[in-house]
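Enquirer: Please find the sequence and the predicted model below.
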Amino acid sequence: MAAALDAPPRKLVVGTSMYSMWFEYPGLEARLRTLAEFIDQMAAEAERHYQAGLDLAVLPEAAVNGGLEGPASQVSFPLAGPVLDTMAAAARKHRTYVVVPMYLAEGSACYNVGVLLDRAGEVAGIYHKVHVVQSQTDGTLEGGCALGADFPVFDCDFGKLGIQICFDMMFDDGWEVLARKGAQIIAWPSQAPHTVEPRGRALKHGYYIVSSTWRDNASIFDPVGQIIAQTRESPSVVVAQMDVSCAVVPWQPGLGNGAAFTARYGDAVGFRYIESEDRGLFWSNDPKVPIMRMVRELGFELVPELLARNLDVQNAARGCPPSSD
């Protein structure tokens, strides 16, 4: 995720949650009230830790319906009505974007979705889960869910957001498409609590990933593949501040594990350098000096540039690309 040369710092606070819903369903009104309370808690944590408002709240997979049993046609809800009324009110209350995962009744079909609400509580978009899980007992796709067919990226006022849901983690296509479309943050509502795969995908594609889960952990991963915030209790929330106008800079002569940046720019730059990964995540704290201007002024390369330069030299020396057979 290379910041544009003219992109100023863009810091935001993101919240996520872990909520184990293996209990008797309390009714739609009570469930929605609980989800709204999670957003209240995230907003309070954003203010407490960063003296800032909440910019994005991510809830777990099927948060609206979790605990209901039966085919998709019996456990799905329409978006219009109580679901949208309650969750839109929470978004407006805190002026935050919200990812609301649910089994959604859409016409005659049912989908596993992530509904994105904007700060005014309006529907900014809906991601329909592409890789729906087949039951090993009756062969149905999540009780009869229809399948999504694309991987949209949503333009938010803080940057570009993508959504993947649970089993999508196991397939490369969505993650690659979202990277190609310029996504900077991926919300990943899930029942599965993976950490190794999302770390790898964040590192490979250079975006943040925010997991919101039912068990074990809910985590926020940075573009160097590090967990920068995590909760392991249910129910609970956790928040983290990030800057989507950031740059991943790999080891190279003169970098000094990031010391070259502070020597030149002092407190105007921030970073986390991970020596075990030979790279760091860098961001600007000066609205007038984008991080990429700092990178260029110091003469450093980004990871794709370093790889491309070396591959060109290798192929020229070899006389051809390496065999793929």
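Expert: Received it, and whenever you're ready, just let me know what you need. Numbers count the residues shown, from 1 in each chain.

Enquirer: Distance across stretch 108-123, terminal residue to terminal residue?
Expert: Start-to-end span of stretch 108-123 (C-alpha to C-alpha, to the nearest Å) is 21 Å.

Enquirer: my bad, should have said stretch 285-300
Expert: Stretch 285-300: ends 19 Å apart by C-alpha to C-alpha.

Enquirer: And it, what's buried?
Expert: Neighbour-count burial for stretch 285-300 flags 286, 289-295, 300 (criterion: 16 or more other C-beta atoms under 10 Å). Heads up, the C-betas are built off the backbone N, CA and C, glycines and all.

Enquirer: Alpha carbons only: can I get stretch 258-269 in CSV?
Expert: Provided in CSV are the C-alpha atoms of stretch 258-269 (Å, rounded to 0.1, in the frame of the first residue of the first chain):
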residue,chain,number,x,y,z
GLY,A,258,14.4,3.7,10.7
ALA,A,259,16.9,5.9,12.3
ALA,A,260,17.5,7.7,9.0
PHE,A,261,14.0,9.0,9.1
THR,A,262,14.1,10.4,12.6
ALA,A,263,17.6,11.9,12.0
ARG,A,264,16.1,13.9,9.1
TYR,A,265,12.5,14.5,10.2
GLY,A,266,12.4,14.1,14.0
ASP,A,267,8.9,13.9,15.5
ALA,A,268,7.4,14.6,12.0
VAL,A,269,7.7,10.9,11.2
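
Enquirer: average pLDDT for it?
Expert: Mean pLDDT, stretch 258-269: 98.

Enquirer: before we move on, what about stretch 19-33?
Expert: 98.

Enquirer: Which residues does that stretch contact?
Expert: 34, 38, 59-60, 62-68, 77, 82-83, 86-87, 214-215, 234-235 (C-beta atoms under 8 Å, 6 or more residues apart in numbering).

Enquirer: Sitting in helices, which of the residues you listed do you find?
Expert: 34, 38, 82-83, 86-87 (DSSP state H).

Enquirer: possible to save these as TSV with neighbour count and distance to Pro198?
Expert: Formatted as TSV, those follow (neighbours: other C-beta atoms under 10 Å; distance: C-beta to C-beta, whole Å):
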residue	neighbour count	distance to Pro198
Thr34	15	25
Phe38	25	21
Pro82	15	32
Val83	21	27
Thr86	19	29
Met87	26	25
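
Enquirer: Could you report the distance from Ser20 to Val130?
Expert: Per C-beta to C-beta, to the nearest Å, Ser20 is found 25 Å from Val130.

Enquirer: These two: which has the busier surroundings?
Expert: Counted by other C-beta atoms under 10 Å, Ser20 and Val130 do not tie: Val130 has more neighbours, with 19 against 16.

Enquirer: now the more buried one, nearest residue through space, not along the chain?
Expert: Distances taken as C-beta to C-beta, 6 or more residues apart in numbering put Gly148 closest to Val130, at 4.5 Å, once the chain neighbours are dropped.

Enquirer: Is it correct that that neighbour is in contact with Tyr111?
Expert: Yes - using C-beta atoms under 8 Å, Gly148 and Tyr111 qualify as a contacting pair, with a distance of 6.7 Å.

Enquirer: Now do the shared contacts for those two.
Expert: 128-129.

Enquirer: which residues in the chain form helices?
Expert: Taking DSSP H as the criterion, the chain carries its helices at 28-50, 72-75, 82-94, 172-180, 196-205, 259-265, 291-298, 303-318.

Enquirer: Phi and psi next, for Ile19.
Expert: Not Ile; residue 19 is Tyr. Backbone torsions for Tyr19, taken as degrees, to the nearest 10, come to phi -150, psi 110.

Enquirer: roughly how far apart are the most centrally placed residue in the chain and Phe167?
Expert: In the chain, the residue lying closest to the centroid (C-alpha atoms, centre = their mean) is Ile186, at 2.6 Å. As judged by C-beta to C-beta, Ile186 and Phe167 stand 15 Å apart.

Enquirer: re the thing from before, out of the helices of the chain, nearest to Ser245?
Expert: helix 291-298 (6.1 Å; C-beta to C-beta).

Enquirer: Pull the residues that contact the closest one.
Expert: 2-5, 7, 9, 245-247, 249, 254, 260-261, 264-265, 269, 282-284, 302.

Enquirer: per-residue confidence averaged over that helix?
Expert: Helix 291-298 comes out at a mean pLDDT of 97.

Enquirer: Tell me the confidence at the residue lying closest to Gln134 once chain neighbours are set aside?
Expert: Setting aside the residues directly before and after it, Gln134 is nearest to Leu141 in space (C-beta to C-beta, 6+ apart), at 5.6 Å. We have a pLDDT of 96 for Leu141.

Enquirer: That's all I had, so thanks and see you.
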